[in-house]
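In: Return a 3D structure for these sequence lines:
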Amino acid sequence: MDYDYKLLMDKAKEAAKMSYSPFSKFAVGASVLTKNGKIYTGCNIENSSFGMTICAERCAIFKAISEGEKEILAIAIYSPNEDDCYPCGACRQVMYEFQGENEITVITEEKENLNIKKLSDFLPYGFKIHG
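Out: Residues are numbered from 1 along each chain as shown. The predicted model follows:
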């Protein structure tokens, strides 16, 4: 399947505008493309009890899962604060659970060039119970 990665990145940029990040001042947006062709977006939402904070990637994935989706084909991640916005360890593991190591992650956009990687490029040994 040929994905419109630019559209995914544009959706992630729009989602970053909704970020609630009064503590870190580090806005992040994400968009996920599901196997059914739907796109879900999310932003990071901070809380003064930092353990209650949720990252943009997990927000978007959980929205998709809560709507009945179970397979993520691609995800775009964007932050206006940083050129490359790689997901944290918790997000990488959640991505692995629903995305799989060979699916695509669009990390950032540099001068109209998308930085496209496979999840296995930055999570080579994700944990998954098989069977």
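In: going forward, measure contacts and count neighbours with C-alpha atoms only.
Out: Fine.
In: Strands of the protein, start to end?
Out: Here the chain has its strands, by DSSP state E, at 29-34, 39-43, 72-78, 104-110, 113-118.
In: Lowest mean pLDDT across those strands, which one is that?
Out: For the strands of the chain, mean pLDDT drops lowest on strand 104-110, to a mean of 73.
In: ok, back up a step: which stretch among the strands of the chain comes nearest residue 22?
Out: Within the strands of the chain, the stretch nearest residue 22 is strand 39-43; the backing value is 13.1 Å (C-alpha to C-alpha).
In: Other residues contacting the closest one?
Out: The contact list for strand 39-43, computed with C-alpha atoms under 8 Å, 6 or more residues apart in numbering, reads 8, 11-12, 15-16, 18-20, 27-33, 55-61, 63-64.
In: ok, it: who's next to it in the sheet?
Out: strand 29-34 (antiparallel) (DSSP bridges).
In: Show me how far the partner strand is from its chain's centre.
Out: Remark: strand 29-34 is offset 6 Å from the chain centroid, using C-alpha atoms, centre = their mean, to the nearest Å.
In: Stretch 32-44 too?
Out: 9 Å.
In: Stretch 44-55 - what's its average pLDDT?
Out: Computed over stretch 44-55, the mean pLDDT rounds to 94.
In: With only the CA atoms kept, save it in PDB.
Out: Extracted in PDB, the C-alpha atoms of stretch 44-55 (Å, rounded to 0.1, in the frame of the first residue of the first chain):
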ATOM      1  CA  ASN A  44       0.800  15.300  24.300                       C
ATOM      2  CA  ILE A  45      -1.200  16.200  27.400                       C
ATOM      3  CA  GLU A  46       0.800  17.000  30.600                       C
ATOM      4  CA  ASN A  47      -0.300  16.900  34.200                       C
ATOM      5  CA  SER A  48       1.300  18.400  37.300                       C
ATOM      6  CA  SER A  49       1.600  14.800  38.500                       C
ATOM      7  CA  PHE A  50       4.100  13.900  35.700                       C
ATOM      8  CA  GLY A  51       3.300  10.200  35.700                       C
ATOM      9  CA  MET A  52      -0.200  11.100  34.500                       C
ATOM     10  CA  THR A  53       1.100  12.800  31.400                       C
ATOM     11  CA  ILE A  54       0.400  11.100  28.000                       C
ATOM     12  CA  CYS A  55       2.500  11.400  24.900                       C
END
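In: Done for today, thanks.
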